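**Q** model this:
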Amino acid sequence: MTATVLTWNLERKAPSNSNAAKAIEVLFDQSPDVMVLTEARTNFPTNGGHSLWCEPPRGSTFAEDERKVLIWSKEPWRDIDRIGAEGLDQTRFIAATTDTPIGPLRVLGVCIPWHMAEVQYPIDVKRKPWELHERYLDVFTQLVEAIDGPTVIAGDFNQRIPRQQYGRVSAAEALASTFASVDIVTQGIVDGCGKPGIDHIAISSDLATAKVWGWPNEIDGYRMSDHDGAGAELAL
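**A** Down below sits the predicted model:
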């Protein structure tokens, strides 16, 4: 038995948008058990499943239904956590547990800030490049270290793994340190993609992958996102 987990950044598109509609089709055609979607909308179709989302993003440039992280499951969610840890950006995190073909699975959905978050367009304080990214990782580490039982961490990590030439060394080191106790199964170039992605799936040590793949941001002339997507079949 396996459980299919997908993750993708939907680039803030409303489901009524033709490119977003194609993205939704691509996602559900893969028969997911769990999805972690970033830069998504609260009216993302459930298709018989169950959705949860994090707190609304800060700032005035977002639509009312936009969220940085949305998690979807075929089965209902329980043990919902929108806080995570003291100091964690709650507009970029949500966790919950659901039942899957391999049993209960804890899912931590994240959208780690990109390197220029609040640098050019500060909300309260002007930030330095990578400041919010590295701060998020620093706090999130304690959640990774506290993992107990089959757990998936997925979403937009905003780093390619291994680090690319333009990536900041300290950020790559921080990411590696934060995720040291889990396995990021989507690092490198996954099947179906032509380049390393920044949407990732990490799994706890009691899980294994039967298959890992990805798909491009553009299919059949539809530009569905500015990110490639990623998926994994998980087994105990």
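
**Q** going forward, measure contacts between C-alpha atoms and count neighbours the same way
**A** Noted.

**Q** and the strands in this structure?
**A** Along the chain, the stretches classed as strands by DSSP state E are 3-9, 34-41, 50-53, 66-73, 77-81, 93-100, 103-111, 151-156, 183-184, 199-203, 208-215, 218-219, 222-223, 229-235.

**Q** and those: which comes nearest residue 135?
**A** With Cα to Cα as the measure, strand 103-111 is the member of the strands of the chain nearest residue 135 (12.8 Å).

**Q** tell me how far that closest one lies from the chain's centre.
**A** 10 Å (Cα atoms, centre = their mean, to the nearest Å).

**Q** make CSV from the strands of the chain and add mean neighbour count, distance to residue 22 and mean pLDDT to it.
**A** What follows is those, written out as CSV (neighbours: other Cα atoms under 10 Å; distance: least, Cα to Cα, whole Å; pLDDT from 0 to 100):
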stretch, mean neighbour count, distance to residue 22, mean pLDDT
strand 3-9, 25, 13, 98
strand 34-41, 26, 14, 98
strand 50-53, 20, 19, 98
strand 66-73, 27, 17, 98
strand 77-81, 14, 26, 98
strand 93-100, 22, 25, 98
strand 103-111, 23, 22, 98
strand 151-156, 27, 20, 98
strand 183-184, 18, 27, 98
strand 199-203, 25, 19, 98
strand 208-215, 17, 13, 98
strand 218-219, 14, 9, 96
strand 222-223, 15, 7, 97
strand 229-235, 24, 13, 98
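
**Q** okay, these in JSON lines with distance to residue 119 next?
**A** Listed next are the strands of the chain as JSON lines, based on distance: least, Cα to Cα, whole Å:
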{"stretch": "strand 3-9", "distance to residue 119": "21"}
{"stretch": "strand 34-41", "distance to residue 119": "19"}
{"stretch": "strand 50-53", "distance to residue 119": "25"}
{"stretch": "strand 66-73", "distance to residue 119": "18"}
{"stretch": "strand 77-81", "distance to residue 119": "29"}
{"stretch": "strand 93-100", "distance to residue 119": "21"}
{"stretch": "strand 103-111", "distance to residue 119": "17"}
{"stretch": "strand 151-156", "distance to residue 119": "19"}
{"stretch": "strand 183-184", "distance to residue 119": "28"}
{"stretch": "strand 199-203", "distance to residue 119": "22"}
{"stretch": "strand 208-215", "distance to residue 119": "31"}
{"stretch": "strand 218-219", "distance to residue 119": "29"}
{"stretch": "strand 222-223", "distance to residue 119": "27"}
{"stretch": "strand 229-235", "distance to residue 119": "26"}
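
**Q** good, wrapping up.
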